[in-house]
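S.K.: From the sequence below, what's the structure:
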Amino acid sequence: MGRIVSFDFVAMAKADARTIASLLREYAQRTSLRGGNPYRAKAYARAADSLSALSQPIGRIISAGALTSVPGIGDAIADIVTKLFETGTHPNLEKLRKEVPAGVLQLFALPGLRPDKILKLHEALGVTSLAELEAAAKEDRIRPVKGLGASLQTKILQNLSIARSGETQLHLHKAAALLEHAVTALKADHPEYSRVEIAGDFRRGCELVSDLAIVAQGKDTAKTGNSSLKLFVSDKKHFGAELLHATGSQTHLDQLKAYAEGKGFDLKADGLYRGRKLMVSAREEDIYEALGLQFIAPELREGRGEIGRAAKNKIPELVSDKDLRGTLHSHTTASDGTETLEAMADATRKRGFQYYGVADHSQSAHYAGGLSLEEIAEQHREADRLNKRYGDRFRILKGIEADILADGALDYPHSVLEDFDFVVASVHSRFKLPKKEQTERILAAIRNPHTTIIGHMTGRQLQRRPGYEIDIDRILKGCAKHGVAVEINAHPWRLDLDWRWHQKALDYGCIFSINPDAHSIRELDHMHWGVEMARKGGVPADRVLNAMPLPKLLAHLTKRKRAIAKGKSRRAPARDASVR
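M.R.: So this is what the prediction gives:
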């Protein structure tokens, strides 16, 4: 059996990495309260995240002069970290501590609460903790304060539960960076480990990660300690059982153990037994096979009926990164992106995709540089020029992310919408409409024959804001009825639609579209997180719109446009663009 090696290392009787990370995070928060350059405080915070997931003793890294090899740590931050490690504090940190009480830092856990507002809450109302903040909001003391107001008070009350539940959780992309560095450092530090695998929440594709875990193959057998990042070491014989248990979830493991008992087996931490005899333990696949189960992908292991489906061989082959043939929701400099259409398309082509679907914001999105009719025409001319250059090798698809207006109309008249290859219809305003009204608004957009995809259906932003109130069940039925794809928005702050609804959507007959919602070239790679969510929801490739090769997708889009031309779909109300 394996061992757990904690990363709460203590080096030379000095502070461990997690303690240094906590001090550096405090330094970042107190620095941000002072105002000035916000990027300095953000840099400290990123470095603190990296330190919290180190895979080797920080003292060893400092002694080797290798701090700057840690993601986010340059020379200046390395000097601060070294001082914190050697003395447990820093002169500048001591000065900052005299300015505000420690309890004020609790307010940083509240999503969307800026440092200047935190300072104002402390100075104007004497707030020094989350409990005092909640009391001030419930007693209506925040609303009358100039610079704070009713809107902030409402937002605070809404987000307090998020603050309490997500304090130790990381977004997928942040967890990935920490774990990748940990694996690299571990391999360098322990060349005797012949295999190293990421486990825990991350391997299961959880949208927020709190259980950072790695499994390595070695010769050790002891178990000790706990930490935010654990290393499980196992010999080759028991590696599969170790990986299974380190991956979780606990609910899945409990149900799997119960299923095994029903088959006359005993599933233990070191393998699958019949009586005292160890039957299998080297590979996860062997354990599931011995139980007469179809292999259950890590993403599905949440105790939501996956064992029953595996027993009946009903788990489909899940969509994977290699199945996707293109992207259908990205932005350029025409609206609020950072790259030109040509740059985004070229970057997409270089990633091996067959098509790039541009979907800049529509005219009502003034805050995001929404496209006027003239700008649409200009972008379409540019797309035509580039498509001529690409020939049959690649295609830019002309799309738009059209705002769904308050009455459910899309943001352009039919005469404009018909010029697009596809339309992503999204809510970007009026989030607080009553549930019934918000639902009817989205259903109206779904009935619009030009709508191809419903974008980020609930509008949630993880650890920032909950989604708006809608009847998701009715909306999924509407999407299935009208052939409108449900977006799995792959931006790691969204990951919307929530994977817990995917099976329901599949049952209703919905198709999905896995979209990066990219505003830069780097964000094109968000597609992977969308795939993770789709896999977690049990989605196969044949139910994903952008898993279609280009000819098939073009045929699909052409069929929908022909149906519009023949009047087979009922038209939804649309605004007259001339009024804008």
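S.K.: Run through the stretch 451-580 of the chain and note the low-pLDDT ranges.
M.R.: In the predicted model, the stretch 451-580 of the chain carries pLDDT under 70 at residues 568-580.
S.K.: Quick one: the helices in the stretch 251-400 of the chain, in order.
M.R.: 284-290, 306-311, 341-350, 373-390 (DSSP state H, counting those that start in this stretch).
S.K.: cool, the stretch 101-250 of the chain as well?
M.R.: Assignment of helices within the stretch 101-250 of the chain using DSSP H, counting those that start in this stretch yields the ranges 115-125, 130-138, 149-165, 172-189, 200-203, 239-247, 250-262.
S.K.: For the helices of the stretch 251-400 of the chain, state which one has the densest average packing.
M.R.: The highest mean neighbour count among the helices of the stretch 251-400 of the chain belongs to helix 341-350 (a mean of 20), with neighbours defined as mean count of other Cβ atoms under 10 Å. Every C-beta, even on glycine, is put in place using the N, C-alpha and C of the backbone.
S.K.: average pLDDT for that one?
M.R.: What helix 341-350 shows for mean pLDDT is 97.
S.K.: what do you get for stretch 71-82?
M.R.: Rounded to a whole number, the mean pLDDT of stretch 71-82 is 93.
S.K.: Name the residue closest to the centre of the chain, please.
M.R.: Residue closest to the mean C-alpha point of the chain, counted by Cα atoms, centre = their mean, is Pro492 at 2.5 Å.
S.K.: where does it sit relative to Thr89, distance-wise?
M.R.: Summarising the geometry, the distance separating Pro492 from Thr89, computed by Cβ to Cβ, to the nearest Å, is 34 Å.
S.K.: pull the CA atoms of stretch 19-28 into PDB?
M.R.: Listed in PDB are the C-alpha atoms of stretch 19-28, where the atom choice follows Å, rounded to 0.1, in the frame of the first residue of the first chain:
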ATOM      1  CA  THR A  19       2.800  29.600   6.200                       C
ATOM      2  CA  ILE A  20       4.900  31.700   3.800                       C
ATOM      3  CA  ALA A  21       2.100  31.700   1.300                       C
ATOM      4  CA  SER A  22      -0.400  32.900   3.900                       C
ATOM      5  CA  LEU A  23       2.000  35.700   4.900                       C
ATOM      6  CA  LEU A  24       2.500  36.700   1.300                       C
ATOM      7  CA  ARG A  25      -1.200  36.700   0.700                       C
ATOM      8  CA  GLU A  26      -1.700  39.000   3.700                       C
ATOM      9  CA  TYR A  27       1.000  41.200   2.200                       C
ATOM     10  CA  ALA A  28      -0.900  41.300  -1.100                       C
END
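S.K.: now it, how far from the chain's geometric center?
M.R.: 25 Å (Cα atoms, centre = their mean, to the nearest Å).
S.K.: quick one on the thing from earlier: save the helices of the stretch 101-250 of the chain as CSV, and put in mean neighbour count too.
M.R.: As requested, the helices of the stretch 101-250 of the chain are exported to CSV (neighbours: other Cβ atoms under 10 Å):
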stretch, mean neighbour count
helix 115-125, 18
helix 130-138, 18
helix 149-165, 16
helix 172-189, 18
helix 200-203, 23
helix 239-247, 24
helix 250-262, 15
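S.K.: Worst mean pLDDT among those helices?
M.R.: When those are compared on mean pLDDT, helix 149-165 scores lowest, with a mean of 81.
S.K.: got the contact list for that one?
M.R.: Residues lying outside helix 149-165 but in contact with it, judged by Cβ atoms under 8 Å, 6 or more residues apart in numbering, are 109-113, 117, 130, 133-134, 137-138, 140, 142-143, 463-466.
S.K.: any idea how far Leu96 is from the closest residue to Leu121 other than its chain neighbours?
M.R.: In this structure, Leu121 finds its nearest non-sequential neighbour in Val127, 4.4 Å apart by Cβ to Cβ, 6 or more residues apart in numbering. From Val127 across to Leu96, the span is 18 Å (Cβ to Cβ).
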